[in-house]
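*Asks:* have a look; sequence and predicted model below, questions after that.
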Amino acid sequence: MRLPIAALALLALATSATAATPAAPPRTMDEILAAAPAEHWRTPDPDDLLVMTLETGPVVIELSPEHAPEHVANLRTLAREGYFDGLTINRSQDNFVVQWGDANGEDPAKAKPLGAAKAALPAEFSTTIREGLAFTRLPDVDGWAPQVGFSAGFPVGRDPQAGTQWLAHCYATVGAGRGNAPDSSNGTELYVVTGQAPRQLDLNITSVGRVLDGMHRLSAMPRSLAPGGFYTQPALRTPILRIALASALPEAQRPRLQVMETGSASFDALVEARRNRADAWYLRKAGHIDLCNVPIPVRPAPDR
């Protein structure tokens with residue numbers, strides 16, 4: 001059946017108007033964050049937050065019991081008993097890590113007692129992939145793992161064939177220093193990645209969490225030119241006033257932070273915005289992103 005000329009004209013106008021309507025511009029990261037609804041943010045468990053107090057201010061570390069359960073349990077004990085209070089930051093190696101703990105820990109006669117904490121723990125370089133532990137996979141190829149993405153709010157590598165998953169060594173990842181023996185870490189020596197992601201450490205050391213707030217205080221530590229970045233003079237070490245669990249602090253002193261849910265639609269949109277930058281400055285869309293180049297947003301908790 002033929003349409004009347006008038007109807008054809010209206011159809012042509014409608015088609016023309018639709019074709020002329022420009023597509024909505026891609027949202028920037030700031031726009032995605034501003035539009036993310038409350039349910040796309042989570043509040044970390046205060047029993048999983050370590051608050052390190054330096055003379056310059058606090059550093060907040062979120063622990064990951066899903067990926068290093070025994071180390072996290074030991075760290076909770078160490079924090080509750082004040083083990084780290086009065087110890088020091090002993091190492092700052094350029095483009096690598098900042099490390100803290102007992103500068104006399106290698107000397108049994110001078111080492112600080114561990115109290116109720118365990119002196120020996122099994123290596124927790126990876127954990128078994130468990131049903132029910134969400135995983136948001138990145139679509140891009142990674143040279144360090146068969147799959148990469150985000151699980152329980154942390155960047156992870158996965159090997160489905162082996163059935164294992166592990167925290168990746170991205171900027172701000174916190175790990176437990178060890179000696180040559182795989183099971184020689186217990187959480188008393190901790191480090192944070194302050195340089196380009198040293199993914200060669202993945203599956204070689206136990207990672208326990210990541211810094212949520214205060215990285216500027218750690219990454220600004222003076223670099224040591226001595227081997228390994230260790231400070232050779234005690235006066236160069238930065239004192240740690242206290243490391244406490246947030247759950248042990250009075251309510252008014254607890255950090256009020258929220259972390260974007262890595263399984264949310266807002267996070268998916270953020271990943272795509274970072275993979276294909278649509279900012280006016282960019283002339284080429286990369287269509288690819290490395291695991292450690294995806295930010296996991298953290299924000300102050302909104303006022304109640």
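*Replies:* That came through fine. Numbers count the residues shown, from 1 in each chain.

*Asks:* what is the burial count for Phe26?
*Replies:* I think there's a mix-up here, since residue 26 is Pro and not Phe. Residues within reach of Pro26, counting by other CB atoms under 10 Å, total 15. Quick note: C-beta positions are derived from backbone N, CA and C, even for glycine.

*Asks:* mind checking which helix or strand the residue most central in space within the chain is in?
*Replies:* In the chain, the residue lying closest to the centroid (CA atoms, centre = their mean) is Arg210, at 4.1 Å. Here Arg210 sits within strand 206-213, counting by DSSP states H and E.

*Asks:* packing partners of that strand?
*Replies:* strand 57-63, helix 69-80, strand 164-167, strand 173-176, strand 257-260 (3 or more CB pairs under 8 Å, 6 or more residues apart in numbering; DSSP states H and E).

*Asks:* a markdown table for these, including mean neighbour count and distance to Arg42?
*Replies:* As requested, the helices and strands packed on strand 206-213 are arranged in a markdown table below (neighbours: other CB atoms under 10 Å; distance: least, CB to CB, whole Å):
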| stretch | mean neighbour count | distance to Arg42 |
| --- | --- | --- |
| strand 57-63 | 21 | 10 |
| helix 69-80 | 21 | 18 |
| strand 164-167 | 24 | 18 |
| strand 173-176 | 25 | 19 |
| strand 257-260 | 19 | 6 |
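
*Asks:* now those in a markdown table, with distance to Arg27 and mean pLDDT?
*Replies:* Listed next are the helices and strands packed on strand 206-213 as a markdown table, based on distance: least, CB to CB, whole Å; pLDDT from 0 to 100:
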| stretch | distance to Arg27 | mean pLDDT |
| --- | --- | --- |
| strand 57-63 | 27 | 98 |
| helix 69-80 | 36 | 98 |
| strand 164-167 | 29 | 98 |
| strand 173-176 | 28 | 98 |
| strand 257-260 | 15 | 98 |
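
*Asks:* between these, which one is closest to Arg217.
*Replies:* Closest to Arg217 of the helices and strands packed on strand 206-213 is strand 57-63 (CB to CB; 5.7 Å).

*Asks:* where exactly do the strands run in the stretch 201-304 of the chain?
*Replies:* 206-213, 238-239, 242-245, 257-260, 298-300 (DSSP state E, counting those that start in this stretch).

*Asks:* pLDDT of the last one, averaged?
*Replies:* When you say that, I think you mean strand 298-300. Per-residue pLDDT values over strand 298-300 give a mean of 97.

*Asks:* swap in the longest one?
*Replies:* Averaged over strand 206-213, pLDDT sits at 98.

*Asks:* which residues touch that strand?
*Replies:* If you take CB atoms under 8 Å, 6 or more residues apart in numbering as the criterion, strand 206-213 is touched by 44, 48-50, 58-64, 67-68, 71-72, 75, 123-125, 154, 166-170, 172-176, 178, 185, 187, 190, 192, 218, 255, 257, 259, 298.

*Asks:* burial of the closest residue to Thr77 other than its chain neighbours, as a residue count?
*Replies:* Nearest residue to Thr77 in three dimensions, chain neighbours excluded: Ala117, at 4.4 Å (CB to CB, 6 or more residues apart in numbering). For Ala117, the count of nearby residues is 20 (other CB under 10 Å).

*Asks:* quick one: Ala117 and Arg80 touch, right?
*Replies:* No: counting by CB atoms under 8 Å, Ala117 sits too far from Arg80 to count as a contact (9.2 Å).

*Asks:* could you list the low-confidence segments of the stretch 201-304 of the chain?
*Replies:* By pLDDT under 70, the weakly predicted segments of the stretch 201-304 of the chain are 304.

*Asks:* one more time with 90
*Replies:* Scanning the stretch 201-304 of the chain for pLDDT under 90 picks out 277-283, 285, 303-304.

*Asks:* so where do the helices sit in it?
*Replies:* Listed in chain order, the helices of the stretch 201-304 of the chain (DSSP state H, counting those that start in this stretch) span residues 215-219, 265-275.
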